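# Give me a model of this one.
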Amino acid sequence: MYQSAIYNNKPYYRMASLQRMMWRTLALLVLLARPAPGAAQVFGNPLRHLLRHDTTGLRRVLAHPGAYRLQILYTRIRRDAAGQPHFRRYGYRLRPREYFYPASAVKLAGAALALEELRALNAQIPALTAESVMLTDSAFAGQTRVRRDTSSATRRPSVANYVRKALLVSDNDAFNRLYELVGPAELNAGLRRLGLHDSRLLHRLAVGDQEPASRHTNPVAFYADTAATQRLYEQPAAFYGGPWPRLRLRDESIGQAHLQGSQVVPRPLDFSQKNAFSLPDLQRLLQAVLFPETVPPARRLRLDPADYALLREALSQLPRESPHPRYDAGHYPDTYAKFLLGGGGIAPLPPGVRVYNKIGQAYGFLIDNAYIVDADKGVEFLLSAVLYVNADGILNDDKYEYDTIGFPFMRDLGRRVYEAECRRARPSTTK
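Below you'll find the model as predicted:
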């Protein structure tokens, strides 16, 4: 009788509703109190805190991050008692499926996968190494031959010298020769195997490469001697007729108009048939090169210690430190290829700082993918960023705000994060 009266007067529903609300509130409080990774990134993101409270030199871009297509990925590194690194990532406007043109940032992938290719060949041809003479021929319209390289110690081309040039000063031809060696099919298969699923490599750089030429690769031969008389291996010209990787990317049409020759085409430039590399994928690749032991075995690069050493040296060297290739400091200042902290040559690195990085610059996009370390201060972290500076909305007109907005922002972003890392207490073990 009592229950029936209560039910008919409907306080049962009010009590049930109140109980559900109380349980939901309790569950939310428990969730907020837990140190789960997701909660830490939402409610305790040190990158967001830094960008809110220390915005010197950053305000202009941070006021309109969408217009600048800004993305930042910051990874703190903790060393445990055994010295093993542990990573925790924080993002700012991180959108892996929002397209940006990666430009020369893809060269690290080309270099690493070319060394993989040689390592596989070395198993069958022990005399074949990264320093072996590599001569490139031509077999399709637009292809070019290479028989000499005056920047190398032997004055002959080699994979090792191409890797150095591609990473030290972002040489485009060097990357293109590595692209031709590996080929688009193996390049993209390599990306998939490494777990880089939001990326693709479809063409050479800075030579207007597009279909069908991008599917054709040059014949290549390797020699044991600088006279090129003792052939070690010959790879014929090849054609890739398969499908390109299908990525679920957004906003692959960029700008309001673009130049085609001297004509203004009043529509966005279509990037759907161009290279792509998400910011998380760029940083994962850098981690795989610098910290291979932290990557699952199936997703590690198939390299030996000498290959890793070559990549790391080329990523970190300043141009003046390289004996071969040699670079004039007047044309290539220390931070020429260091956007974060260095601003692409406008500022020196802080004393004691070493930067292992790969940059990109094209179509108004600036990218830097960096590991920054200061051993004396116990500082090390990964920082990757991209922004787009093209106020007039026209692509291919070479009117981009690199110098006035882009490089200063990159310099100051690197400084803010580095200074915050220097202030941060460092526990001796990972909890």
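# If Thr75 is in a bridge, with which residues?
Beta-bridge partners of Thr75, counted by DSSP bridges, are Arg89, Leu382.
# Which helix or which strand is home to the residue nearest in space to the middle of the chain?
Per CA atoms, centre = their mean, the C-alpha nearest to the average position across the chain is that of Leu282, at 2.9 Å. According to DSSP states H and E, Leu282 maps onto helix 279-290.
# Alpha carbons only: can I get that helix in CSV?
Extracted in CSV, the C-alpha atoms of helix 279-290 (Å, rounded to 0.1, in the frame of the first residue of the first chain):
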residue,chain,number,x,y,z
LEU,A,279,52.9,15.5,-36.9
PRO,A,280,52.6,12.5,-34.6
ASP,A,281,54.1,10.3,-37.4
LEU,A,282,57.0,12.6,-37.8
GLN,A,283,57.8,12.5,-34.1
ARG,A,284,57.3,8.7,-34.0
LEU,A,285,59.9,8.3,-36.8
LEU,A,286,62.3,10.6,-35.0
GLN,A,287,61.9,8.5,-31.8
ALA,A,288,62.5,5.3,-33.8
VAL,A,289,65.8,6.7,-35.0
LEU,A,290,67.0,8.1,-31.7
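# which residues make contact with it from outside it?
71-73, 75, 87, 94, 96, 102, 105, 108-109, 112, 191, 194-199, 294-295, 299-301, 308, 311-312, 315, 356-358, 367, 369-371, 382, 384-386 (CB atoms under 8 Å, 6 or more residues apart in numbering). Every C-beta, even on glycine, is put in place using the N, C-alpha and C of the backbone.
# Would you mind pulling up the elements that the helix or strand just after that helix packs against?
Sequence-wise, the next helix or strand downstream of helix 279-290 (DSSP H and E) is helix 305-316. Here helix 305-316 touches helix 107-122, helix 159-168, helix 279-290, strand 353-362, going by 3 or more CB pairs under 8 Å, 6 or more residues apart in numbering; DSSP states H and E.
# tell me the angle helix 305-316 makes with strand 353-362.
80 degrees (axes from the mean of the first three to the mean of the last three CA atoms, to 10 degrees).
# Could you pull up the mean pLDDT of helix 305-316?
The pLDDT scores in helix 305-316 average 98.
# Then stretch 223-234?
Stretch 223-234 comes out at a mean pLDDT of 98.
# and if you look at stretch 379-388?
Averaged over stretch 379-388, pLDDT sits at 98.
# Pull out the CA atoms of it and give them to me as CSV.
The C-alpha trace of stretch 379-388 is given here as CSV (Å, rounded to 0.1, in the frame of the first residue of the first chain):
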residue,chain,number,x,y,z
VAL,A,379,67.2,18.5,-20.1
GLU,A,380,65.9,16.5,-23.0
PHE,A,381,62.5,16.5,-24.8
LEU,A,382,60.9,16.1,-28.2
LEU,A,383,59.1,19.0,-29.8
SER,A,384,57.4,19.1,-33.2
ALA,A,385,55.4,21.9,-34.7
VAL,A,386,53.9,23.1,-37.9
LEU,A,387,52.3,26.5,-38.9
TYR,A,388,51.1,28.1,-42.1
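# ok, back up a step: chain center to the helix holding Leu282: distance?
6 Å (CA atoms, centre = their mean, to the nearest Å).
# Please find the angle between the direction vectors of it and helix 305-316.
130 degrees.
# Determine which stretch of the helices and strands packed on helix 305-316 is the most buried.
Burial of the helices and strands packed on helix 305-316 is given as mean neighbour count (mean count of other CB atoms under 10 Å); helix 159-168 ranks first at a mean of 26.
# Point out the other helices and strands that it packs with.
Counting contacts by 3+ CB pairs under 8 Å, 6+ apart, helix 159-168 packs against helix 107-122, helix 172-182, helix 305-316.
# now the helices: where do they sit in the protein?
2-9, 11-33, 37-43, 46-53, 59-62, 107-122, 159-168, 172-182, 184-193, 279-290, 305-316, 407-423 (DSSP state H).
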